[in-house]
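> sequence and predicted structure are below.
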Amino acid sequence: MEAAALIVVLVIGLALFFDFTNGFHDTANAMATPIATGALKPKVAVLLAAVLNLVGAFLSTEVAKTISGGIIREDEISQSIFPAIIFAGLIGAITWNMLTWLLGLPSSSSHALFGGLIGATLVGASAAAINFGTVMSKVVLPALIAPLTAGIIAFAVTKMAYAVTRRYDNKPDGRDGFRWGQIFTSSLVALAHGTNDAQKTMGVITLALITVGWQSAAHHEPQLWVIVACAVTIALGTYMGGWRIIRTLGKGLTDVKPAQGFAAEASTASTILASSALGFALSTTQVASGSVIGSGLGRRGSKVRWRTAGRIMIGWVLTLPAAGAVGALAALLVVWLGQVVGVVVGAVIAVFVVLAIFLRSRRNEVNHSNAMSDVAHSGSAVKVKRNPPPTRRQRAILREEARRKAEQAAREKAERKAQARAAAKKIASEKKAADRERAAAAKAKGDQR
Amino acid sequence: MTVEINWIAFLEVFGAALLAAVLVVGSYAVALRLLVRAGKAPVVAPAEFTDAITVISEKEARRAEKAAAKAARKSPLTEGQKKLALVGAYGAFGVSGLAVLAGILLIVFNH
């Protein structure tokens, strides 16, 4: 029991470290678009994101309950080995997160966490310990459906925002005003991030507490100190992650217009908040990326760069099994070496791997290519024309203008012709008169002779 | 082993998210449109000018302000109509803000 308690303390520490890296990684995702459009100063954006992540973590605990009471069947796992399995799962998630960060691969912290936990449980316990129904309905399907939902909504509302504010007389359209709105929508995204991502760590800690009997299995609600610890940690990670945004700003962010950014953020926030209320554990990175792609397509003359989009999606699909494989390896150590030795060896290997990745990453200079957020990167999956083709109404106006011009030109031509004809007539009549005068004068001269 | 999936919940998320996004973005866009009608086209310069911002430069912002002022002077609306448009704009901003607030309150009270 003492060993299990010690492992639970380690699990809490590791889970909070994961929470910190989650906030650190996702600041850029929440605040990439408002900074790109100039709606917020980077420092203000980072501070706002941190505060709202903190507030969001207190708003709902549905996602935490999904993780602590739905994915893994506690009754199918021996109490003595359970904390070690959670520990192995966390090691899988953190290692995969760090690896994808180093390689610049698109990934999701949330799916790395689920993958790690599922992989470790499969190896450390059995397939019967995993509630595949909940995994499918609350993790896998939302992972596939939510980015699509956010993308479709972002596409529709971007079209709407442009259509409502479009002017056909080339006068100011007031779309700059979307910059004000972006302050609120990006804040909502940060709040939504707190309601979903902070919950995942709360769920893992609650699960660990239940396994050693420090919390009743009948109540999967996270305890207050767990909520406070996770909220503060994710907020701290968010604030500390700000330097990445500031470095990213040099170059590299895609050309996001305020109306597009506003629509994308509104779509992201509404999708995450609605999902959080129903306990769906989403990847905020994937939802925000879906919105950025959808809103990009909502602009006229845009098309998908399928190669880039495909690479991003493969990264997403790979995250769950890959983190699961790392979690399974860590769980294998626990199974082979016993829980205490296995956990210690696993932790030492993980520390070495994480340190090696960190030192390797220090060799490369941080620039836009390796510091760019996944969401900003997903924006490059859409190619937007600098001069978009005209809308149907604009085409009609252009046609009407061309017709009017042609008519005007024809009228002017006819007038010029008439004028020329009149002038020629005048000249001819003047010539005739002069000839007549000359003939009359000649006749008069002849008569005199 | 049977896997029960609550498809209705996905539809609920889609419906709720779409409704919220349409309400927030739609009313905000209408508010901006009415602001322009009222002769107060907003010209909001970026908070910070960095290399990343290709949307607008300081020079472009000044030019946009001049164009907005010129367009406002040429507005065919009467003063009363302009005031009405301004009230409508603030009302639409209010609807957008209320939609956000209602969404958050729904989550807090459902919790």
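Sure thing, it's come through. Just so we're clear, the structure is a prediction, and the values are computed from it rather than from any experiment.

> helices along the stretch 201-350 of chain A, start to end?
A:224-240, A:242-248, A:258-277, A:284-297, A:306-337, A:339-363 (DSSP state H, counting those that start in this stretch).

> do chain B as well
B:7-37, B:58-73, B:79-110 (DSSP state H).

> okay, those in TSV with mean pLDDT next?
Below are these laid out as TSV (pLDDT from 0 to 100):
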stretch	mean pLDDT
helix B:7-37	91
helix B:58-73	70
helix B:79-110	84
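
> ranking those helices by burial, who's on top?
Ranked by mean neighbour count, the helices of chain B are led by helix B:7-37 with a mean of 21 (mean count of other C-beta atoms under 10 Å in any protein chain shown). Backbone N, C-alpha and C define where each C-beta goes, glycine included.

> biggest helix in chain A, by residue count?
Assigned via DSSP H, chain A shows its longest helix as helix A:392-448.

> ok so, going back, now render the helices of chain B as TSV, adding distance to A:Val343.
TSV is the format used below for the helices of chain B (distance: least, C-beta to C-beta, whole Å):
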stretch	distance to A:Val343
helix B:7-37	37
helix B:58-73	58
helix B:79-110	37
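
> one step back: list the helices and strands the longest helix of chain A packs on?
Contacting helix A:392-448 under the criterion 3 or more C-beta pairs under 8 Å, 6 or more residues apart in numbering or on different chains; DSSP states H and E is no other helix or strand.

> so how far is it off the chain centroid?
68 Å (C-alpha atoms, centre = their mean, to the nearest Å).

> nearest residue to the residue nearest to the spatial centre of chain B other than its sequence neighbours?
Among the residues of chain B, B:Tyr28 comes closest to the average C-alpha position under C-alpha atoms, centre = their mean, at 2.4 Å. Nearest residue to B:Tyr28 in three dimensions, chain neighbours excluded: B:Ser96, at 4.4 Å (C-beta to C-beta, 6 or more residues apart in numbering or on different chains).

> which residues does the one you found contact?
A:Gly181, B:Leu23, B:Val24, B:Ser27, B:Tyr28, B:Ala31 (C-beta atoms under 8 Å, 6 or more residues apart in numbering or on different chains).

> hang on, the earlier thing: among the helices of the stretch 201-350 of chain A, which is nearest A:Ala5?
helix A:339-363 (11.6 Å; C-beta to C-beta).

> report the angle between that closest one and helix A:306-337.
Relative orientation of helix A:339-363 versus helix A:306-337 (axes from the mean of the first three to the mean of the last three C-alpha atoms, to 10 degrees): 150 degrees.

> what comes into contact with helix A:339-363?
Against helix A:339-363 from outside (C-beta under 8 Å, 6+ apart): A:3-4, A:6-7, A:10, A:80-81, A:83-84, A:87-88, A:91, A:94-95, A:98-99, A:101-102, A:330, A:333-337, A:370.

> kindly supply the ChimeraX command isolating those of these that are buried.
Per 16 or more other C-beta atoms under 10 Å in any protein chain shown, the buried members of the contacts of helix A:339-363 correspond to this ChimeraX selection:
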select /A:4,7,10,81,83,84,87,88,91,94,95,98,99,101,330,333,334,335,370
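
> in strands only, show me the contacts of helix A:339-363.
Using DSSP state E, no member of those sits in strands.

> in helices, which of the contacts of helix A:339-363 fall?
A:3-4, A:6-7, A:10, A:83-84, A:87-88, A:91, A:94-95, A:98-99, A:101-102, A:330, A:333-337, A:370.

> you'd agree A:Val63 is up against A:Val204?
No. Look at A:Val63 against A:Val204 with C-beta atoms under 8 Å: they stay out of range, at 11.3 Å.

> pull the number of nearby residues for A:Ala410.
10 (other C-beta atoms under 10 Å in any protein chain shown).

> next: A:Trp180.
Neighbours around A:Trp180, by other C-beta under 10 Å: 16.

> give me the mean pLDDT for the helix or strand hosting it.
A:Trp180 belongs to helix A:178-211 when assigned by DSSP states H and E. The pLDDT scores in helix A:178-211 average 85.

> wondering if it reaches chain B at all.
Yes. Helix A:178-211 lies within reach of chain B by C-beta under 8 Å from any C-beta of the partner chain, at A:Phe178, A:Arg179, A:Trp180, A:Gly181, A:Phe184, A:Thr185, A:Leu188, A:Leu191, A:Thr195.

> picking up where we left off before, of A:Val63 and A:Val204, who's got more company?
Neighbour comparison, A:Val63 and A:Val204: the larger count goes to A:Val204, with 30 against 27 (by other C-beta under 10 Å).
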